[in-house]
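>>> output the structure for:
(chains A and B)
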Amino acid sequence: MDKTYIVIPAYNEQNSIKKVIQDLKKQGYMNIIVVDDGSIDKTGKIAKQQGAIVLSHLINRGQGAALKTGIDFALMKKADIIVTFDADGQFLAKDIKKVIMPVKKGNAEVVLGSRFLGKAKNIPLFKKIVLKLGVLLVFFLYGIKVTDSQNGFRAFSRHAASQIEIRSNKMEHAGEIFHEIKKNNLAFKEVPVTVLYTRYSLQKGQSWSRSIMLGLKMILKKLMV
Amino acid sequence: MNIIQLFAILFSLFAASRVFLRTKDKKLTIPEFVFWMFIWGSLIITAFIPDVTSMIANFVGIGRGVDIIIYMSIGTVFYLIFRLYVKLEDVERELTVVIRELAFMKKRKK
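Predicted coordinates:
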């Protein structure tokens, strides 16, 4: 039986983390790692109460850093499949089955969730445009064709997780993953997932100015590597 | 001698003395010492003999002495900012490694 670990980076998500963990458990996922990325609220405490393995960053280091902490820990725990999931309740726990399937069957080492193959409920138009620009950027920089490049819903085989090196602390890790897929020649597959846009998740999402900075940083990084 | 010349000389001497002291305390390496001494030393020379800049400017084909100083300063400042940026990224990355290790350690203890 494959050991599946769910890694959830969380920063100040006390309002949503409880339900996220409960939903995961209802779907039968018991190995849940929450990386509390220096939250100033009760995120870590609530996650612990819900029975998740909680790793705490003393100070906020960004999503990329938190993901790597969780993935490294899952590898130490001998995970066979590692799924990355968001703490803000945008993803559906029942989609995990679809996301890990290609890894289980050995068809892919990396599975990327795509809201554009699946459903992006109530997505604001502007957000959609920014995301599509991200897709174009990934194609130009890495020559990889995907439909959704900034989606945190992913699954990795043990092999892929130990090959991929996330060095960016912040959101640039999204671009970095494509770089790593290419470098390590990992077979990848996109599967449709649903992403819900609620008022809460929209508030927490990144602003357009941050998105532009992100794009510039991705280009810069590509030029320097 | 103009007041500005006097001021530039005094300031450069002060800055050079700091560089010297910091090097004595081993807070600056020898290459850094040479770099900063070159900067402040050239400023002192320029303040004493302002025509030096015009000579250099003419030599490399720039019209005015002041211009070459501005070009060089801007270039240097940009380079230093770049160095700082790279250094800062390194420090951020190292900090993350420490924070991650601390998180693992806390987990193992329990």
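
>>> could you report the neighbour count for residue 16?
Let's take chain A. Residues near A:S16, counting by other CB atoms under 10 Å in any protein chain shown, number 20. In short, each C-beta sits where N, CA and C put it, glycine included.

>>> the intended chain is chain B.
Neighbour tally, B:A16, other CB under 10 Å: 17.

>>> wait, it sits on B:G41?
Yes. Using CB atoms under 8 Å, B:A16 makes contact with B:G41 at a distance of 7.1 Å.

>>> element containing the residue nearest the centre of chain B, please.
Nearest to the geometric centre of chain B sits B:W36, at 6.2 Å (CA atoms, centre = their mean). Assigned by DSSP states H and E, B:W36 falls within helix B:30-48.

>>> residues in chain A within reach of chain B, list them.
Taking CB under 8 Å from any CB of the partner chain as the contact definition, chain A meets chain B at A:35, A:53, A:55-59, A:61, A:65, A:68-69, A:72-73, A:76, A:167, A:169.

>>> just the buried ones out of those, please.
Using 16 or more other CB atoms under 10 Å in any protein chain shown as the burial test, the residues of chain A next to chain B include A:35, A:53, A:55-57, A:61, A:65, A:68-69, A:72-73, A:167, A:169 as buried.

>>> where does pLDDT dip in chain A?
A:1, A:200-208, A:223-225 (pLDDT under 70).

>>> would you list every one of the strands in it?
Under the criterion DSSP state E, chain A contains strands at A:4-10, A:32-37, A:53-57, A:81-84, A:110-121, A:154-157, A:188-196.

>>> report the angle between the third one and strand A:4-10.
Here strand A:53-57 runs at an angle of 40 degrees relative to strand A:4-10 (axes from the mean of the first three to the mean of the last three CA atoms, to 10 degrees).

>>> quick one, strand A:53-57 and strand A:32-37 angle?
Using the same axes, to 10 degrees: strand A:53-57 against strand A:32-37 is 20 degrees.

>>> send the alpha carbons of strand A:53-57 over as PDB?
C-alpha atoms of strand A:53-57 as PDB (Å, rounded to 0.1, in the frame of the first residue of the first chain):
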ATOM      1  CA  ILE A  53       1.700  16.700  12.200                       C
ATOM      2  CA  VAL A  54       2.600  20.300  12.700                       C
ATOM      3  CA  LEU A  55       6.100  21.700  11.900                       C
ATOM      4  CA  SER A  56       6.600  25.300  13.000                       C
ATOM      5  CA  HIS A  57       8.800  27.900  11.300                       C
END
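
>>> what about B:F82, neighbour count?
B:F82: 10 surrounding residues under other CB under 10 Å.

>>> in a helix, it, correct?
Yes. Per DSSP: H, G, I helix; E, B strand; the rest coil, B:F82 lies within a helix segment.

>>> where's it relative to chain A, distance?
Distance check for B:F82 against chain A: by CB to the nearest CB, to the nearest Å, it reads 11 Å.

>>> can you pull the pLDDT of that residue?
Note on B:F82: pLDDT of 88.

>>> circling back to that earlier point, need the max-distance pair from the residues of chain A next to chain B.
The span of those, defined through CB to CB, is set by A:I53 and A:R167 at 23.9 Å.

>>> now do the contacts for residue 102.
Using chain A. Going by CB atoms under 8 Å, 6 or more residues apart in numbering or on different chains, A:P102 touches A:A108, A:V111, A:A155, A:K189, A:V191.

>>> I was after chain B.
Counted by CB under 8 Å, 6+ apart, B:L102 has contacts A:L58.

>>> count of neighbours near residue 33?
In the absence of a named chain, chain A is used. Other residues close to A:I33 by other CB under 10 Å number 26.

>>> try chain B instead
Neighbours around B:F33, by other CB under 10 Å: 15.

>>> the nearest residue to it once chain neighbours are set aside and B:I45, how far apart?
Spatial nearest neighbour of B:F33, excluding adjacent residues (CB to CB, 6 or more residues apart in numbering or on different chains): B:T23 at 4.4 Å. Distance, B:T23 to B:I45, by CB to CB, to the nearest Å: 20 Å.

>>> between those two, tell me which one has more neighbours.
Shown here are B:T23 and B:I45; by other CB under 10 Å, B:T23 has more neighbours (17 against 14).

>>> could you check how far A:Q90 is from A:F153?
8 Å.

>>> common neighbours of these two, please.
Residues touching both A:Q90 and A:F153 by CB under 8 Å, 6+ apart: A:V195.

>>> what does chain B have sitting close to chain A?
B:E92, B:R93, B:L95, B:T96, B:I99, B:R100, B:L102, B:A103, B:F104, B:K106, B:K107.

>>> got a PyMOL select line for the buried ones in these?
Of the residues of chain B next to chain A, the buried ones go into a single PyMOL selection, burial set by 16+ other CB under 10 Å:
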select buried, chain B and resi 96+99+100+103
